[in-house]
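J.: Give me coordinates for this.
(2 chains)
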There are 2 protein chains.
Amino acid sequence: MADAAGLDDTVGRLGEKAVLARVLDALRGSSRAVVGPGDDAAVLAAPGGRVVVSTDTLVHGPDFRLAWSSGYDLGWKAAAVNLADIAAMGAAPVALFVALALPDATSVSFVEDLARGLRDACDALAPGCAVEGGDLTASDVLTIAVTAIGVPQGTPAVLRSGARPGDVLAVAGELGPAARGLALLFERFRDAAGVPIAVDVEALTAPERADLSAQLRPSPPIGLGIVAARAGATAMMDVSDGLLLDATRLAEASGVTLDLDLDLGPDLDDAALRGGEDHALLACFPRGAALPTGFVPIGRAEERAGAPVTIAGSPVTGHLGWDPHQDWDAGRG
Amino acid sequence: MADAAGLDDTVGRLGEKAVLARVLDALRGSSRAVVGPGDDAAVLAAPGGRVVVSTDTLVHGPDFRLAWSSGYDLGWKAAAVNLADIAAMGAAPVALFVALALPDATSVSFVEDLARGLRDACDALAPGCAVEGGDLTASDVLTIAVTAIGVPQGTPAVLRSGARPGDVLAVAGELGPAARGLALLFERFRDAAGVPIAVDVEALTAPERADLSAQLRPSPPIGLGIVAARAGATAMMDVSDGLLLDATRLAEASGVTLDLDLDLGPDLDDAALRGGEDHALLACFPRGAALPTGFVPIGRAEERAGAPVTIAGSPVTGHLGWDPHQDWDAGRG
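T.: Predicted structure coming up:
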């Protein structure tokens, strides 16, 4: 955001109308709605007459640090995490609505960069989806609240509550890289006082760079949500807060026990089990059904007996995942 | 939020899951969705296959002060302003999605109160609409981002851009009370240092109490949006930031000049012209059409000539309305 030439203005100096015009400019051409941004509301066509809707927020401090994330990164991530919620219902994302609360000192180029990140993540992860509306307001804390709208593709929505004993538990997408990326940031890119500092990408190995990218610009397998719904998935959700914590939520919603088998295939280390933010898709499929390409088995659903989640029959313990109200250290930077 | 008996906990101590359970409890029974809160997304039926979507955010500081607004007030207002955006499209609101960013020290009873305010505003202003999903996260600044979904009722959505020369300009709902209520708060309920203090309702006259209520718990005429669409409204929007500013937006979107006639009927004083937050509906109707009950004429649309908005032919000047990035004094309290 350095701007020696003085060409970059701040949100506070430019005002709402001019900032909005810049944002719409960055999004230009991407709207696919019947009526896109600019009116009181957008109008979407909902083929089949059902829509799925989800909302998720990124807050400066608990959810990101500006020393580590660019505007583009934040736009990308805000889109990706919301697209993943729609994918987890087995639906195709069709529109995002973005409420931005911005400190007055925010540079306008940062906001434009954020808009481009939103647009590019939609294009890359869910072609056909675009930002169709939003809201700008002032706040001391940069906050990005996104609401995503999706349309089922000829199947019912896939809920968390449909898993049945005997179902195969499977996952699509990565587990672990985003949490490793976050650990890398906390361990290597803070000063002596613990304050976040800029990332020196040159100092990272190729695998470290991949982990960092997974944390800052996650790429969940959005299209596989529809594929899973068509393949008969009985329950599905995205893994946002940690596999063990999210599997617990799915098990509780379905009234089953989910037993993980660490020998089945993917390497489920601690980052994979307890780390969040990869937004992989966790789904159950009927026993004997062919798993769709992209899903790998990691366990199965059983009659509920005691703990909601077990590993080889033993209840899981300890810190299962992320709770913003209990885990955030109140730092920002 | 005083709690001598220690029965009221904070968000930080209770954690996300327990807070969410309390919120869902406060909303119990109000969901009308195919799938309501609790899954990755809600599923809504969209009769006719079109949905309208809008988002609007309340931020502690520029949008409200906690010395003046209760949790219930904030929930009510967050619902009302978003319902008004859907009404302004001529559609019926069917669902709200609420992203709450909460400081850890927020009391849980405040959050429950906020949920009840959301529920009651939906019931009172738009029966059939309910909170169908949302998101909880931590932030130093209390932020309420609401996304509203609506369904047109057999008419096309009414846009800002459809006004034509000769149309009658009309308004439904009040203009001025919310701005007078805000002025009352700033003038009478701040201490010597300008810090907001609790409102002493006993010290207010009945008209002052009505103004305060209009500011804290606005009641826009939501149902009249659908009525206007059925009556052939050519353009419509809600007045959120001030009549002159919002009329300018409608005039610019439609490519017309809107000329106000202060002798037509309602008393349009400075609060009515330049004050926002009543969320009245501003609409254009074809010349000669019968205005639906609830709408009163305030002017007409003309060929665009110079200024977008005039009063008896003279361009309006000065501060037309509210811009959060330029008008907020950075205070909170």
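J.: so A:T147, which of the three states?
T.: Secondary structure for A:T147, judged by DSSP: H, G, I helix; E, B strand; the rest coil, is strand.
J.: Looks like it contacts B:G134 (just checking).
T.: No - counting by Cβ atoms under 8 Å, A:T147 stays clear of B:G134, with 9.6 Å between them. The way it works is simple: take the backbone N, C-alpha and C, and place the C-beta from them, glycine included.
J.: shared neighbours, the two?
T.: Counting by Cβ atoms under 8 Å, 6 or more residues apart in numbering or on different chains, the contacts common to A:T147 and B:G134 are A:55, B:97, B:99.
J.: State the pLDDT value of the last one.
T.: The one in question is B:A99. We have a pLDDT of 93 for B:A99.
J.: and the top strand by length along chain A with chain B, contact?
T.: Longest among the strand segments of chain A by residue count, using DSSP state E, is strand A:91-102. Yes - judged by Cβ under 8 Å from any Cβ of the partner chain, strand A:91-102 comes into contact with chain B at A:91, A:95, A:97-99, A:101-102.
J.: So which of A:T147 and B:G134 has more stuff around it?
T.: A:T147 (33 against 28; other Cβ atoms under 10 Å in any protein chain shown).
J.: gap between the more buried one and chain B?
T.: Separation of A:T147 from chain B (Cβ to the nearest Cβ, to the nearest Å): 4 Å.
J.: Near chain B, which residues of the stretch 201-333 of chain A are found?
T.: Selection of the stretch 201-333 of chain A residues close to chain B by Cβ under 8 Å from any Cβ yields A:236-238, A:253, A:323-326, A:328, A:330.
J.: Mind jotting down where the strands sit in the stretch 51-200 of chain A?
T.: A:91-102, A:130-138, A:143-152, A:168-172 (DSSP state E, counting those that start in this stretch).
J.: Now the weakest link among those strands, please, by mean pLDDT.
T.: Looking across the strands of the stretch 51-200 of chain A, the weakest by mean pLDDT turns out to be strand A:130-138, at a mean of 89.
J.: Would you give the sheet partners of that strand, along with the direction of each?
T.: Neighbouring strands of strand A:130-138 in its sheet, by DSSP bridges, are strand A:91-102 (parallel).
J.: want to throw the shared contacts of A:T147 and B:G134 into a markdown table with neighbour count and distance to B:L212?
T.: Output for those, formatted as a markdown table (neighbours: other Cβ atoms under 10 Å in any protein chain shown; distance: Cβ to Cβ, whole Å):
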| residue | neighbour count | distance to B:L212 |
| --- | --- | --- |
| A:T55 | 26 | 31 |
| B:F97 | 29 | 29 |
| B:A99 | 26 | 27 |
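J.: what's the closest of those residues to B:P286?
T.: Closest approach between the shared contacts of A:T147 and B:G134 and B:P286, by Cβ to Cβ: B:F97, at 35.4 Å.
J.: thought that closest one was touching B:L118?
T.: No - counting by Cβ under 8 Å, B:F97 stays clear of B:L118, with 10.8 Å between them.
J.: Please enumerate the shared neighbours of these two.
T.: B:V131.
J.: How is chain A partitioned into domains?
T.: As given by automatic domain parsing, the domain ranges for chain A are A:11-152, A:160-321.
J.: tell me the most buried of those?
T.: Sort the domains of chain A by mean neighbour count, taking mean count of other Cβ atoms under 10 Å in any protein chain shown, and domain A:11-152 sits at the top with a mean of 23.
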